[in-house]
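Colleague: below are the sequence and a predicted model for it; my questions follow.
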Amino acid sequence: MPKIFSYRLIIPEAANDENGHVNNVAYVQWMQDVATMHSDAQGCTREVYRQLNSSWFIRSHRIDYLRPAFAGDDIEILTWVSTMKRSQSMRRYLFRNQQGDNLARAETDWVYVSADNGRPRKIDPEVAQAFELVDPEEEP
C-alpha cells in the first residue's frame, strides 16, 4: 500500500483555458480524483464508506501554482495524508512534469462525516489505519 500515491496523466486539450495553459479548476478536479484513487488503493473504496455510512467532505483547498502546465504535458501527481485528527485529515499534493519541475503544491482539508446527515464524526479505525501519515521531512 503506497504511503505516497503517484498517478501519471497526459494533460488533455480540454484542461487549457483562454490563456493557453491548464485552468486552475482542472487542478482541483485532479486533486479530488487522485485522492479517491489513493483511498481505493488503500482499500477504502466507495463500498467500504457506504458500509460504514460515512463520507468525506472538503472543507478547504489551497494551491500554490509554481509553473504553468499545458495540454500534452506528461505530469505526475503525488498525494499523501499528512495529518489525521478526530474527524479531519489534511491531504497534500505535488504536481510535477517529467523534467522534475514542480508545477504546483496543494493541500485539502477533508472532514469525515456521517452519510446520513453530513455532520462530522470520528474517523472509523479501519479508515484511519489504512493511511500511513507522511511526516513533513518525508514529503517529496
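Modeller: All right, it came through fine.
Colleague: the closest residue to residue 3 other than its chain neighbours: neighbour count?
Modeller: Residue nearest to residue 3 in three dimensions, not counting chain neighbours: residue 132, with 4.7 Å by CB to CB, 6 or more residues apart in numbering. To be clear about C-beta, it is placed using only N, CA and C from the backbone, and glycine gets the same treatment. The local packing of residue 132 (other CB atoms under 10 Å) involves 12 other residues.
Colleague: now swap in residue 55 and tell me
Modeller: The burial count for residue 55: 17, using other CB under 10 Å.
Colleague: list the contacts of it.
Modeller: Residues near residue 55 by CB atoms under 8 Å, 6 or more residues apart in numbering: 49, 112-113, 115.
Colleague: same deal with residue 131?
Modeller: 42, 44, 81, 84, 89.
Colleague: the same query, at a cut-off of 7 Å, please.
Modeller: With contact set as CB atoms under 7 Å, 6 or more residues apart in numbering, residue 131 has these partners: 42, 81, 84.
Colleague: got it, and residue 19?
Modeller: Applying CB under 7 Å, 6+ apart to residue 19 gives no contacts.
Colleague: now residue 30
Modeller: By CB under 7 Å, 6+ apart, the contact list for residue 30 reads 9, 77.
Colleague: kindly recompute the last result at 10 Å.
Modeller: Taking CB atoms under 10 Å, 6 or more residues apart in numbering as the criterion, residue 30 is in contact with 7, 9, 11, 15, 22, 75, 77, 79, 93, 95, 104, 106.
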